[in-house]
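Asker: My questions are about this predicted structure, shown below with the sequence.
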Amino acid sequence: MASSSAQIKVGIVGGTGYTGVELLRLLSAHPNARLHAITSRKEEGMPVADMFPNLRKHVDLAFSAPENAALSECDVVFFATPHGVAMAQARALIDAGVKVIDLAADFRLQDTAVFEKWYKMPHACPDVLKDSVYGLVELNREKVAGAQVIGNPGCYPTTVILGLTPLLEKGLVNVDNIIADCKSGVSGAGRKTEVGSLFSEASDNFKAYGVSGHRHHPEIVEQLAKIAGQPVGLTFVPHLVPMIRGMLSTIYVKIKPEAMDTDFQALYEQRYQHEAFVDVMPAGSLPETRSVRASNQLRIALHRPGNGDTLIVVVVQDNLVKGAAGQAVQNMNVLFGLDEQTGLNQVAILP
């Protein structure tokens, strides 16, 4: 465990989006993090607090153009950028001894053909990808600790993977037809101008999207197959709900005949008993997105209607925190030998 006074010099590439400002919010209050560089070509020279007034008196840096930012001087660089940016810059940073945490998809999928199919671009550094680690700490803690490059998981995948892990590790459910019915707040679409994200379009509305295929599907399936030790059949349908932040995933699985007598509540409680950010709620609970808002908590509840062969797993998280920036800081803590909860003990905001 690193010294509680150890200072980590941090750079952020692409600090103007929602995950970027969440990183800034969390890292500005992190006792071991020292913000060193924040890049934005368009906003070069603008004080960060002018764009994000919540950071006044917390962040005194200005945005730098990427070519002028002293990223190679950092201990770790977070990429809160569109897909493709991190992989273009990762090799130079690695060569300078800098650790990389990418919040986009450049280092999430190990199969470059699958990556190229879903993200419509060639992978720029398959050699770096090969040595990168999928940064879901609750699954890969030891690998994360020794990594140079971390692929921070997607928001939907975090809920589905952690929601299913105890079942797949023990082989208790049929993996041929898992259904994940997932909903996200509008911030999941990012801080950009799109008609579907406008208030008049998203408010007082509820819709499915990506039904015929969503780029988080191959990411989820790849990780679930690793856990299960066999291919997994998944139906994944995301939805947009009229709230700013929050994510709720309802997952349906069929229990194997030989596992019908399993105490699933005890199974989950035992699997996650030492995980600070995974809360297995009491039997019969119905978690709400507001119970995790602005926190790094993920909450799980189990239901088995009529004590039959269907198990329903309900998972909630804040898509910008445990689903993105908070998870990235959790990875940083593990990378640098800090207590995993450092800087991440914010209590959820109510009302």
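Answerer: Alright, I've got the coordinates.

Asker: What residues of the helix or strand of the chain with the lowest mean pLDDT count as buried?
Answerer: Least confident helix or strand, the chain: helix 199-202 with a mean of 91, by mean pLDDT, DSSP states H and E. Neighbour-count burial for helix 199-202, counted by 16 or more other C-beta atoms under 10 Å, picks out Ala202. C-beta here means a position set from N, CA and C on the backbone, and glycine is covered the same way.

Asker: State the distance from the closest residue to Pro231 other than its chain neighbours to Val128.
Answerer: Counting by C-beta to C-beta, 6 or more residues apart in numbering, Ala225 is the residue found nearest to Pro231 once chain neighbours are left out, at 5.5 Å. Between Ala225 and Val128 the computed distance is 23 Å (C-beta to C-beta, to the nearest Å).

Asker: Ok, Ala325 next?
Answerer: 22 Å.

Asker: now do Lys322
Answerer: Taking C-beta to C-beta, one finds Lys322 at 26 Å from Val128.

Asker: and the two? which has more neighbours close in?
Answerer: Neighbours were counted for Lys322 and for Val128 using other C-beta atoms under 10 Å; Lys322 has more, 27 against 20.

Asker: Sketch out the strands for the stretch 251-351 of the chain, chain order is fine.
Answerer: 278-280, 298-303, 310-317 (DSSP state E, counting those that start in this stretch).

Asker: nearest to Pro238, of those strands?
Answerer: strand 310-317 (13.6 Å; C-beta to C-beta).

Asker: now what about that closest one, what contacts it?
Answerer: Under the criterion C-beta atoms under 8 Å, 6 or more residues apart in numbering, residues 155, 158-160, 162-164, 167, 173, 246-255, 264, 286-289, 291-292, 297-305, 323 lie in contact with strand 310-317.

Asker: Check which residues of it are buried.
Answerer: So, applying 16+ other C-beta under 10 Å, buried residues of strand 310-317: 311, 313-317.

Asker: Would you confirm that Gly233 contacts Asp176?
Answerer: Yes: between Gly233 and Asp176 there is a contact at 4.5 Å, judged by C-beta atoms under 8 Å.

Asker: Does the residue found closest to Cys125 once you drop the neighbours it is linked to in the chain lie in a helix or a strand, and which?
Answerer: Spatially, and ignoring its direct neighbours in sequence, Cys125 is nearest to Met87 (5.1 Å; C-beta to C-beta, 6+ apart). Using DSSP states H and E, Met87 sits in helix 85-95.

Asker: Just the buried positions in that helix, please.
Answerer: For helix 85-95, by 16+ other C-beta under 10 Å, it's 85-87, 89-90, 93-94.

Asker: Report all helices and strands that that helix contacts.
Answerer: strand 8-13, strand 76-79, strand 99-102, helix 126-131 (3 or more C-beta pairs under 8 Å, 6 or more residues apart in numbering; DSSP states H and E).

Asker: Thr39 is in contact with Pro66, isn't it?
Answerer: Yes: look at Thr39 against Pro66 with C-beta under 8 Å: they come within range, at 4.6 Å.

Asker: between the two, which one's more packed in?
Answerer: Taking other C-beta under 10 Å, Thr39 and Pro66 do not tie; Thr39 has more neighbours (25 against 16).

Asker: List the beta-bridge partners for that one.
Answerer: Val13, Ser64 (DSSP bridges).

Asker: Next up, the contacts around it.
Answerer: 11-15, 63-66, 69, 71 are the contacts of Thr39 under C-beta under 8 Å, 6+ apart.
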